[in-house]
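Q: just a sequence and a predicted model for now, questions to come.
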Amino acid sequence: MDYMALIDRIYADHAKARGVLLGHSRKVADLALAIADLRGIGVDRAFVEEAAMLHDVGMVLCDAPPLHCRGAEPYIRHGVLGRGLLEAEGCPAHALVCERHVGAGLTQEEITRAGLPLPVRAMLPVSTEERLIAYADKFFSKGNGGGIIGLERVRAQIGRYGTAQLARFDEWVEEFGADF
């Protein structure tokens, strides 16, 4: 897969948003691969790089001015929108990473209880690759210079969305470590 050609096509008229996407996604991909190496986790490295570079591709369709995105959709939908974009490109496994990386994944109950403008279905990372990308993503913001965020700050951010979100994230900490 040529993920750069895909990004270039989708972001052809959105140079600043493309820059935000590429800067953030490169950091996520690099951290995910570094964690896999550090922990000796057998993953499909090519898929991890591709999917990490594409996990936020749907943000261009959202209304997120700080990210230079001027779409009509709320940002919480960037994962499902990315899924739609990548499914249309014939990339169903990469598409699932888009949808499942939001928060620490989302259950049907969480979507319903919070009244989120999302399809009511489970959006939980299933494969090791999906969990690894979602985990690495939590350590980088798209703004504020994009530096790495410490574990306690990530836990505090995730914890704002409930104990179930935090428990899932803490399972990832056990699986992938936090000594990077």
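A: In hand now; what should we look at? Note that the structure is a prediction, hence the values are computed from the model and not measured.

Q: only C-alpha atoms for contact and neighbour calcs from this point on.
A: Will do.

Q: pull the contacting residues for Gly105.
A: For Gly105, the contact set (Cα atoms under 8 Å, 6 or more residues apart in numbering) comprises 123-125, 165.

Q: now do Ile149
A: The neighbours of Ile149, taking Cα under 8 Å, 6+ apart as the test, are 138-141.

Q: how far away is it from Arg131?
A: Per Cα to Cα, to the nearest Å, Ile149 is found 18 Å from Arg131.

Q: and if you look at Leu31?
A: Per Cα to Cα, Leu31 is found 13 Å from Arg131.

Q: check Leu6 too.
A: Distance of Leu6 to Arg131, given as Cα to Cα: 23 Å.

Q: which one of those two is surrounded by more residues?
A: Between Leu6 and Arg131, Arg131 has the larger neighbour count (other Cα atoms under 10 Å), namely 23 against 16.

Q: mind checking how far the more buried one is from Phe169?
A: Taking Cα to Cα, one finds Arg131 at 9 Å from Phe169.

Q: same thing with Pro74?
A: Note on Pro74: its distance to Phe169, by Cα to Cα, is 24 Å.

Q: more neighbours: which of those two?
A: Between Pro74 and Phe169, Phe169 has the larger neighbour count (other Cα under 10 Å), namely 23 against 14.

Q: from what I can see the more buried one touches Val102, true?
A: No: the pair Phe169 / Val102 is not scored as a contact, 11.6 Å apart, by Cα atoms under 8 Å.

Q: could you identify the helix or strand that succeeds the helix ranked longest in the chain?
A: Ranked by residue count, the top helix of the chain under DSSP state H comes out as helix 15-39. Of the helices and strands lying after helix 15-39 in sequence (DSSP states H and E), the nearest is helix 45-54.

Q: give the other helices and strands that that following helix contacts.
A: Contact here means 3 or more Cα pairs under 8 Å, 6 or more residues apart in numbering; DSSP states H and E; on that basis helix 45-54 packs against helix 3-10, helix 15-39, helix 92-100, helix 128-137.

Q: helices or strands next to the helix or strand following that helix in the packing?
A: Next along the chain after helix 45-54, taking DSSP H and E as the criterion, comes strand 63-64. Packing partners of strand 63-64 (3+ Cα pairs under 8 Å, 6+ apart): strand 69-70.

Q: pLDDT averaged over the helix or strand following the strand it packs on - what is it?
A: Downstream of strand 69-70, the first helix or strand assigned by DSSP H and E is helix 78-88. What helix 78-88 shows for mean pLDDT is 98.

Q: buried residues of helix 78-88, list them for me.
A: For helix 78-88, burial by neighbour count (16 or more other Cα atoms under 10 Å) applies to 78-86.
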